[in-house]
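Trainee: kindly generate the corresponding structure for this input.
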Amino acid sequence: MRDWLAAHPDRKGPSGSIRKSNRTDSESAKMATSKGVIQGYTGVAAVDAKHQVIVEAQAHGTGSEQELLLPVVEAMQDVLKPDTLLTVDSGYHSEQNLQALEQKNINALIADNDMRKRDERFATQSRHQHSPDPLHDKSVKANKPTLYAAADFTFDPANRICICPAGKTLQRSGTHHDKRGFVGDRFRGSDHDCRHCPLRTRCLRNPDKPAGRQVTFFRGKAPDAPESATQRMKRKIDSPEGRRRYGRRFATVEPVFGNLRHNKQLNRFTLRGRRKVNTQWKLYCLVHNIEKLMNYGTIGGGK
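Mentor: Predicted structure coming up:
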C-alpha cells in the first residue's frame, strides 16, 4: 500500500492524510452531509454577480473545499478583470489559499468560521435555527461527559503557576508558539498525578493512555510575529465596505445551486469516474446558462 501511495500522490490530502478509495469508483471520496457520510463528488461553480451566469464549473472527488479554490481561480484567468472581486464561502478559507491569492494579486473576500460571531447583525441568528425533529430519532443517546477546558484550570500569569481542577500543580513545559503567531505558557500534569486522578475521565480524551493532561494559556500575539494573510482578510471583510460587498454573495450564488438541485433535480450525480461526473456537472451548468440566455437575451442586452 505504501508503494502504491508513493506512485499515486493524488490519493493524499493537503494535510498528508490518505484518501480512502472505493472499489467501484476510486476517484470518488467520502463526504459528510446532513444525511450522513456518502461516497461522491463535490460540484463547484463560479457565478457572475450581475447575471448569475456560471463562468466556471468543476467536479472533484474530495470532501475538502479548501484545495478546490485555486484550480477554479486558475481556470477563470480569461474572465477575471483588474476590478474583479471574488466572494468565496468560508469552506475555502485557509492561510495557504489567502497567500496564493495575494501573490496572484487577486482581490477576494473569503469568510472565516468566526466571521458571523464578530458581526453584530448575526447576534440573534440562533433563534432562527430549526429545532431538531422530535420524530427523527427517539433512541436514547448517552451524554458524553464534558471535558475540562483551559478555563477550568487556575492560572497565575505573574508566577506562571497552573493548578488543575483536582488541586494538583502542573509542571511548566515551556513556551508554545502556534502557527497563527500567538505565544503562550504550556503546562503538563505529571504521569503519577494524572494516572491516579479520580477526574481522569473528565480531563483526558483518552483516559486509558498513560499520558498526563496538557494545557496552554496564550498571552497574545508574539511581538515579532508577522501579520498573517488571515488577519489581513479579517480586517478587510469586517470593514463596512467588506461586509456590504460580501453580503451579496449569498443572493448571487445560492439561487444558482437551488435552480440546479431543485428545479433541474440534480440531487446527486448518477455516473462514476471524475471525467463522467465532471461532464454531467458541466452539462447541467450549461443548461442553466442557456436558460438564462433564453429568458433574458444576450449578456449585452439584445434579444
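Trainee: got a list of what F122 touches?
Mentor: Listed by C-beta atoms under 8 Å, 6 or more residues apart in numbering, the contact set of F122 reads R116. Backbone N, C-alpha and C define where each C-beta goes, glycine included.
Trainee: R245 now?
Mentor: Residues near R245 by C-beta under 8 Å, 6+ apart: 85, 87, 109.
Trainee: 10 Å - rerun?
Mentor: Counting by C-beta atoms under 10 Å, 6 or more residues apart in numbering, R245 touches 49, 85, 87, 109, 236-237, 239.
Trainee: just the element for it, please.
Mentor: According to DSSP states H and E, R245 maps onto helix 240-246.
Trainee: and the contacts of R245, which are buried?
Mentor: Taking 16 or more other C-beta atoms under 10 Å as the criterion, what is buried in these is 87, 109, 236-237.
Trainee: next structured bit after the helix holding R245?
Mentor: Once the chain leaves helix 240-246, the next helix or strand it forms, by DSSP H and E, is helix 249-258.
Trainee: that following helix: how far from the chain's middle?
Mentor: Chain-centre distance of helix 249-258: 19 Å, with C-alpha atoms, centre = their mean, to the nearest Å.
Trainee: likewise stretch 248-267?
Mentor: Mean C-alpha position of stretch 248-267 versus that of the full chain (C-alpha atoms, centre = their mean) differs by 20 Å.
Trainee: avg pLDDT for that stretch?
Mentor: If you average the pLDDT over stretch 248-267, you get 93.
Trainee: all further residue positions should be reported with the first residue as 651.
Mentor: Done: numbering now begins at 651, and the last item shifts to stretch 898-917.
Trainee: what sits up against it?
Mentor: For stretch 898-917, the external contacting residues (C-beta under 10 Å, 6+ apart) are 693, 695-700, 702-704, 707, 735-739, 759, 761, 918, 930-931, 933-935, 937-939, 941-942.
Trainee: before we move on, back to that, which of the residues in the helix holding R895 are buried?
Mentor: Neighbour-count burial for helix 890-896, counted by 16+ other C-beta under 10 Å, picks out 892, 895-896.
Trainee: how about stretch 729-745?
Mentor: 736-738, 742-744.
Trainee: what about that stretch, start to end distance?
Mentor: Taking C-alpha to C-alpha, to the nearest Å, the first and last residues of stretch 729-745 lie 25 Å apart.
Trainee: returning to that earlier point: specify which member of the buried ones among the contacts of R895 is nearest to T774.
Mentor: I887 (20.6 Å; C-beta to C-beta).
Trainee: skipping adjacent residues, who's closest to that closest one in space?
Mentor: L759 (5.2 Å; C-beta to C-beta, 6 or more residues apart in numbering).
Trainee: run through the residues that contact E706.
Mentor: 694-697, 721-726, 728-729, 932, 935.
Trainee: that one pairs with what?
Mentor: In this entry, E706 is beta-bridged to A696, by DSSP bridges.
Trainee: same check on I813?
Mentor: T804, T819.
Trainee: one step back: quick check, distance from the helix or strand hosting the residue nearest to I887 to the centre of its chain.
Mentor: For L759, the element it lies in under DSSP H and E is strand 758-760. In terms of C-alpha atoms, centre = their mean, the centre of strand 758-760 is set 14 Å apart from its chain centre.
Trainee: tell me which strands that strand pairs with, and in which orientation.
Mentor: For strand 758-760, the paired strands and their directions (DSSP bridges) read strand 736-738 (parallel).
Trainee: quick check: bridge partners of V738?
Mentor: Bridge pairing for V738 (DSSP bridges) gives the partners I760.
Trainee: is H826 in a helix, a strand, or coil?
Mentor: Reduced to three states with DSSP: H, G, I helix; E, B strand; the rest coil, the structure at H826 is strand.
Trainee: now do the same contact list for it.
Mentor: Residues in contact with H826 (C-beta under 10 Å, 6+ apart) are 832-837, 864, 866-868.
Trainee: of these, which is the most crowded?
Mentor: Highest neighbour count within those: F837, with 26 neighbours (other C-beta atoms under 10 Å).
Trainee: which residue, other than its chain neighbours, is closest to M883?
Mentor: L748 (5.5 Å).
Trainee: that older thread, restricting to C-alpha, output the helix holding R895 in PDB.
Mentor: Extracted C-alpha coordinates of helix 890-896, given in PDB (Å, rounded to 0.1, in the frame of the first residue of the first chain):
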ATOM      1  CA  PRO A 890     -18.200  48.300   6.300                       C
ATOM      2  CA  GLU A 891     -17.400  48.000   2.600                       C
ATOM      3  CA  GLY A 892     -16.300  44.400   3.000                       C
ATOM      4  CA  ARG A 893     -19.500  43.500   4.900                       C
ATOM      5  CA  ARG A 894     -21.600  45.200   2.200                       C
ATOM      6  CA  ARG A 895     -19.900  43.500  -0.700                       C
ATOM      7  CA  TYR A 896     -19.600  40.100   0.900                       C
END
